[in-house]
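Asker: got a sequence here, can you build the structure:
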Amino acid sequence: MTMTTENNDVLVVWKLDRLSRSLKDVLLLIEKVEQAGAGFRSLTEVIDTTSPAGRMMMQMVGTFAEFERAMLRERTQNGLDAARKQGRVGGRRPKLKKHQQEEIVNLVNSGQKNAADAARLFNVHPATVSRILQRDKTS
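Answerer: Below you'll find the model as predicted:
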């Protein structure tokens, strides 16, 4: 990354974790900012990268942001796993019930309707009918 700065330029972020969720990335970015002769400021955290104490504080805040992200990912995965164990499936519900899908397959396979007509009859997109027919061929 190439950075052009002038005297007293400052990279301003709302919060350190908005800059990056990875401490390594934050540290690399801030190092590049400082090498380019600019400063770094966070509007919601007291971080002054020009002092040793400020750099330490920035590293601590970055570490907690990375930890918070990892915990969020773990909680989300645990919730999805628990839902699967209870038989819940993610995503939206199918537009057509099983018997309607079977009827589409029968209408198209018997030659009574083509895929486009079946889509109009059931008020779905032709791609939906194609997907149903494709699934039927593979099962």
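Asker: residue 58 and residue 47 touch, don't they?
Answerer: Yes - between residue 58 and residue 47 a contact is recorded at 4.6 Å, counting by C-beta atoms under 8 Å. Just so you know, the C-beta spots here come from the backbone N, C-alpha and C atoms, and that holds for glycine as well.
Asker: joint contacts of the two?
Answerer: Common contacts of residue 58 and residue 47, defined by C-beta atoms under 8 Å, 6 or more residues apart in numbering, comprise 16, 40.
Asker: pretty sure residue 66 is touching residue 22, no?
Answerer: Yes - with contact defined as C-beta under 8 Å, residue 66 counts as touching residue 22 (6.2 Å).
Asker: who has more neighbours out of the two?
Answerer: Taking other C-beta atoms under 10 Å, residue 66 and residue 22 do not tie; residue 66 has more neighbours (18 against 15).
Asker: can you give me the pLDDT of the more buried one?
Answerer: Predicted confidence (pLDDT) for residue 66: 82.
Asker: in the host helix or strand of it, what counts as buried?
Answerer: Here residue 66, judged by DSSP states H and E, is contained in helix 52-85. Along helix 52-85, these residues count as buried under the neighbour rule (16 or more other C-beta atoms under 10 Å): 55, 57-59, 61-62, 65-66.
Asker: any idea how far stretch 54-71 is from the chain center?
Answerer: Distance, stretch centre to chain centre, for stretch 54-71: 21 Å (C-alpha atoms, centre = their mean, to the nearest Å).
Asker: report the contact partners of the spatially closest residue to residue 14 that is not a sequence neighbour.
Answerer: Among residues not flanking residue 14 along the chain, residue 43 sits closest, at 5.3 Å (C-beta to C-beta, 6 or more residues apart in numbering). By C-beta under 8 Å, 6+ apart, the contact set of residue 43 is 12-15.
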